[in-house]
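S.K.: from the sequence below, what's the structure:
(chains A and B)
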There are 2 protein chains.
Amino acid sequence: MSAAATPARPEALLLRDATEQARALAAGEASSEQLIEATLAAIDRLNPRLNCFLHVDEEGAREAARASDRRRREGALRGPLDGLPVAVKDNIDVCGMPTTAGLRQPLHDAGDDAPVVHRLRAAGGVLIGKLNMDEAALGTANANPHHGACYNPWGNGYVPGGSSGGSGSAVAAGLCALALGTDTMGSVRIPAACCGVVGLKPSVGRIPNRGVVACSRRLDTVGPLVRGPRDLDWILPLLEGLAPADASGRLYPAYVPATASLAGLSLAVATDLGQSVALSPEVEQLYRDAQAELQARGAALQGVSVMGLDFGACRRAGLVVVEGDLRIALAEPLAERPDDISPELHKMLAWIVGRSAPELAAADWALDRAAEALLACLGDRRALLLPTVPVPAFLHGSPVPSGHADLTAVVNMAGLPAISVPVGLSSEGLPLALQLIGPLGSEAELVALAAGLADCFPECPPPCTGVPGKGK
Amino acid sequence: MSAAATPARPEALLLRDATEQARALAAGEASSEQLIEATLAAIDRLNPRLNCFLHVDEEGAREAARASDRRRREGALRGPLDGLPVAVKDNIDVCGMPTTAGLRQPLHDAGDDAPVVHRLRAAGGVLIGKLNMDEAALGTANANPHHGACYNPWGNGYVPGGSSGGSGSAVAAGLCALALGTDTMGSVRIPAACCGVVGLKPSVGRIPNRGVVACSRRLDTVGPLVRGPRDLDWILPLLEGLAPADASGRLYPAYVPATASLAGLSLAVATDLGQSVALSPEVEQLYRDAQAELQARGAALQGVSVMGLDFGACRRAGLVVVEGDLRIALAEPLAERPDDISPELHKMLAWIVGRSAPELAAADWALDRAAEALLACLGDRRALLLPTVPVPAFLHGSPVPSGHADLTAVVNMAGLPAISVPVGLSSEGLPLALQLIGPLGSEAELVALAAGLADCFPECPPPCTGVPGKGK
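M.R.: Okay, the predicted model is just below:
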């Protein structure tokens, strides 16, 4: 459209959403090589402070960007992702890069892309590097004991959320257009919420888990973090679908972008959340404000009690299930390189050995009951609206609230899709977020609803990172 | 069509498939009341020998039949199942009937129908009673220690297969048009194979498990046993679909009857099965004959090695997973009424308490590897053809072959659908069967292929039960 306009400086694109970056490349306002160079320069400048990248493949990225530009000149583009910077949580295999899963040393140097990474690469995504995370994907603060804490671009010293903290931080700071995270009890949505970006946890088995270091065979999902909900309408179709011989995959209809009107929309909201989860006053107020806004726009809110969800019991059962699986997933470093594992993780992995098989089975059954309680809250409504996290980001070093993942983990137990949407800033200038939880396979509707929800609130400026484009 | 023809004696309908029974009712050749009376009379005559029914609700069945006949007169029929006799394995709740799950005394008197039973009743199915099974659905011979052995109508003293032995026996003997069984490691397909009827294990989560006493939360499926594959084209749509707040459900496209031509059909067959599983010579010959017949009709057979499937390790891991769950499912009788549980089952449930949580987690991981190996055998082919069981039915009291469920259990581990098809009789006059295993959600294609496979073999007479219609 505006191909004749003066090309913007590529740096100015870094904080725009992937859709806008793709438009700018298509309009000739920048080349992929320019965009990737600007990205690498921003990483050089910001990563010492944010510590979101654990590994950067500058040469591979430059080469992929040049190849993308060649395809563009030859009219052989692979789609809107072609030439955009993409980064991946360090528990997902990227061919030729190490996979640490947050342990001290790599579990392996990946000889193959995970299927989900292979799909991004086949679509022309430029793989920049691997992102910081909590050790073994266990945690919600990304205080990694081996690679150092990852920081939130929104404020000095603040956690980015976890376990995909590097993914949240990098997307928020404009260091990639799209990051992949993994979400076992909230690990995509929590950093998305803390960092003011959009994070989607897909329906279980919709995006292949193969090539991902397992945290829980039951609860794990791979999910994207982006700056705008509309990005997901063309990114999710790239990621989804069964991978050959992947036993964790399920059958879903192909993603078709949806539109959603708030008028008449049946939406469940919790009437007694504060009795179960310690919400900060600002989150509580935000949740009420969002309900008022949605109602004003015609949504048919239906109050439901969440007292059937015993969040504390869910959390404890979820940890039993996760630790049982981690003991298997990490069997080799446990036996061969115990120093690669922190004392805290050693303690958890020793504790689970003392539990009996029926205790683990009982935990799985407790997760089923939690899932049923959540499904009953959702009923036949289009979505259930909840805060993503009970509190905004906090300072590294302060205690992690015990219920930090309570509002997200139960969604994994039910296998449902959920999207975290940034909806404003706290009085301290830290992002606030809500999540929309929908029925199995309802990702497209959730993305459309997320856009509608975001529209209810004034747009926030990007964080103050020193990257051009700050404050728009 | 032939409504003007002389009505057949209702007894003559008992061994016809459900489609033919429905046609006969529609043509006015018999009323539902007549069909149900003939069924109850046959149960009276045969059940003392077969012991397939543990509970018969004569009055409820008569009343439901009369109600169906009224609906028929009023033009308010609920579909082809309306007025046909249906029976249910005794681990599935039927409102007003006891549910024993094969234990000595009922776990409860069901206050509600399981959703799958509710659907049958809503479609006009006449619920006759509850069917014998192995204790707690663990076993493949239906030698129930509390309620006595169930017998195979094909020969005196033979096992019907298990654990849904009552379902296989009752359908083979013409004592219901449709029986529901449950299949955790083969418990629908094994009795279908032993009794010479069609048994379908659906894709995991396609038919709701709610209201079923769990054997394994991961492996359980509810499946139908019928006399003809064509019955499934209208019965499966009645059974499938998510139930409200059922965490075990998955999303599948609605069942649409398919047609399948054998010409050009890509079908995987095992080239080295005999190295892994001890097949009887007759089963081995049958498997070869079927391949020759299918090839002669144009199917593109592709030989695959099954050496990646460690059947013995799968079986052991499967039992660990099942026992972990059974310890939870049977917690109440274990604590409150231990005499309701046999010494053998007590021993298994005590053994699992001595296993650690990581041992159970490792078993789940082993099941995932088995699933991946099976998915690799299937590849992108339409189906994988295997025998259902390695040997024909054997005499009660003789040892159960150790690999009896090896060819079926791995299908549950992968969550795939499979159908067992009767394809002839052994030299002793006992049924032989093959199973077709397809990709997730491929039930309709499997049913069409099952019909094609059955066409490759001469039709067998029904078993010699003394029921009119014997030998056709």
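
S.K.: for whichever residue of the stretch 51-200 of chain A sits closest to chain B, give its distance to residue B:173.
M.R.: Closest residue of the stretch 51-200 of chain A to chain B, CB to the nearest CB: residue A:115 (13.0 Å). (C-beta placed from N, C-alpha, C; glycine too.) Plainly put, residue A:115 is 49 Å away from residue B:173 if you go by CB to CB, to the nearest Å.

S.K.: how about the residue of the stretch 51-200 of chain A closest to chain B, nearest residue that isn't a chain neighbour?
M.R.: Nearest residue to residue A:115 in three dimensions, chain neighbours excluded: residue A:243, at 4.0 Å (CB to CB, 6 or more residues apart in numbering or on different chains).

S.K.: surely that neighbour meets residue A:208?
M.R.: Yes. Shown here, residue A:243 and residue A:208 form a contact pair, counting by CB atoms under 8 Å, at 3.7 Å.

S.K.: if you count surrounding residues, which of the two has more?
M.R.: Of the pair residue A:243 and residue A:208, residue A:208 is the one with more neighbours under other CB atoms under 10 Å in any protein chain shown, namely 22 against 19.

S.K.: what do residue A:243 and residue A:208 both touch?
M.R.: Common neighbours of residue A:243 and residue A:208 (criterion: CB atoms under 8 Å, 6 or more residues apart in numbering or on different chains): A:115, A:249.

S.K.: show me what counts as buried in stretch A:113-126.
M.R.: Buried residues in stretch A:113-126, defined by neighbour count with 16 or more other CB atoms under 10 Å in any protein chain shown: A:113-121, A:123-126.

S.K.: for the residue of the stretch 51-200 of chain A closest to chain B, give me phi and psi.
M.R.: Dihedral angles of residue A:115 (phi, psi; degrees, to the nearest 10) stand at phi -50, psi -40.

S.K.: separation between the residue nearest to residue A:115 and residue B:303?
M.R.: Residue A:243 sits 24 Å away from residue B:303, taking CB to CB as the criterion.

S.K.: also residue A:110?
M.R.: Residue A:110 sits at a distance of 33 Å from residue B:303 (criterion: CB to CB).

S.K.: neighbour count for these two, which is higher?
M.R.: The neighbour comparison of residue A:110 against residue B:303 (other CB under 10 Å) goes to residue A:110, with 19 against 10.

S.K.: what's the closest non-adjacent residue to the more buried one?
M.R.: residue A:93 (3.7 Å).

S.K.: and that neighbour, how many neighbours?
M.R.: Counted with other CB under 10 Å, residues neighbouring residue A:93 total 27.

S.K.: wait, it sits on residue A:209?
M.R.: No. Counting by CB under 8 Å, residue A:93 does not reach residue A:209; the two are 11.2 Å apart.

S.K.: sorry, back to before: farthest-apart pair in the buried residues of stretch A:113-126, please.
M.R.: Pairwise distances across the buried residues of stretch A:113-126 (CB to CB) peak at 18.5 Å, for the pair A:115 and A:126.

S.K.: tell me the pLDDT of the residue in the stretch 101-250 of chain A that chain B sits nearest to.
M.R.: Nearest to chain B in the stretch 101-250 of chain A, going by CB to the nearest CB, is residue A:247, at a distance of 3.5 Å. Residue A:247 carries a pLDDT value of 90.

S.K.: just list the residues touching it, thanks.
M.R.: Counted by CB under 8 Å, 6+ apart, residue A:247 has contacts B:368, B:371, B:372, B:375, B:413, B:414, B:415.

S.K.: ok, residue A:355 to residue B:331 distance?
M.R.: With CB to CB as the criterion, residue A:355 and residue B:331 are 17 Å apart.

S.K.: neighbour count for those two, which is higher?
M.R.: Per other CB under 10 Å, whichever of residue A:355 and residue B:331 has more neighbours is residue A:355, with 19 against 14.

S.K.: contacting residues around the spatially most central residue of chain A?
M.R.: For chain A, the residue nearest the mean C-alpha position is residue A:188 (2.6 Å; CA atoms, centre = their mean). Contact partners of residue A:188, counting by CB under 8 Å, 6+ apart, are A:164, A:167, A:181, A:182, A:199, A:200, A:201, A:221, A:223, A:224, A:225, A:420.

S.K.: ditto for residue A:356
M.R.: B:353, B:354, B:355, B:356, B:357.

S.K.: from residue A:376, how far off is the closest residue to residue A:295 other than its chain neighbours?
M.R.: Of all residues not flanking residue A:295 in the chain, residue A:301 sits nearest, at 5.5 Å (CB to CB, 6+ apart). Remark: distance between residue A:301 and residue A:376 (CB to CB) = 17 Å.

S.K.: these two: which is more packed in?
M.R.: Using other CB under 10 Å, the more surrounded residue of residue A:301 and residue A:376 is residue A:301, with 17 against 14.

S.K.: bridging residues for the more buried one?
M.R.: residue A:267 (DSSP bridges).

S.K.: that one reaches residue A:290, doesn't it?
M.R.: No. Between residue A:301 and residue A:290 there is no contact under CB under 8 Å: 10.0 Å.

S.K.: for the residue nearest to residue A:445 when sequence neighbours are not counted, what are its contacts?
M.R.: Excluding the flanking residues, the one nearest residue A:445 by CB to CB, 6+ apart is residue A:258, at 5.0 Å. For residue A:258, the contact set (CB under 8 Å, 6+ apart) comprises A:444, A:445, A:447, A:448.

S.K.: how does it look with 7 Å?
M.R.: Counting by CB atoms under 7 Å, 6 or more residues apart in numbering or on different chains, residue A:258 touches A:444, A:445, A:448.

S.K.: give me the distance between it and residue A:441.
M.R.: When distance is defined by CB to CB, residue A:258 is 12 Å away from residue A:441.

S.K.: can you check residue A:340 too?
M.R.: Where residue A:441 is concerned, residue A:340 sits at a distance of 38 Å (CB to CB).

S.K.: please flag which of the contacts of residue A:356 sit within helices.
M.R.: B:353, B:357 (DSSP state H).

S.K.: export the contacts of residue A:356 to CSV and tack on pLDDT?
M.R.: Formatted as CSV, the contacts of residue A:356 follow (pLDDT from 0 to 100):
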residue, pLDDT
B:353, 97
B:354, 97
B:355, 98
B:356, 98
B:357, 98
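
S.K.: confirm the residue nearest to residue A:445 sits in a strand?
M.R.: No. Counting by DSSP: H, G, I helix; E, B strand; the rest coil, residue A:258 falls outside a strand, being coil.

S.K.: can you give me the distance of it to residue A:240?
M.R.: For residue A:258, the distance to residue A:240 - CB to CB - is 15 Å.

S.K.: and the strands in the stretch 51-200 of chain A?
M.R.: Applying DSSP state E, counting those that start in this stretch to the stretch 51-200 of chain A gives strands spanning A:53-56, A:85-89, A:98-99, A:108-109, A:126-131, A:143-144, A:148-149, A:178-182, A:198-201.

S.K.: ranking those by burial, who's on top?
M.R.: Mean neighbour count (mean count of other CB atoms under 10 Å in any protein chain shown) peaks for strand A:198-201 among the strands of the stretch 51-200 of chain A, with a mean of 32.

S.K.: quick one: end-to-end length of stretch A:325-334, please.
M.R.: End-to-end distance of stretch A:325-334 (CA to CA, to the nearest Å): 13 Å.

S.K.: how distant is that stretch from the center of its chain?
M.R.: Centroid displacement of stretch A:325-334 relative to its chain, using CA atoms, centre = their mean, to the nearest Å, is 24 Å.
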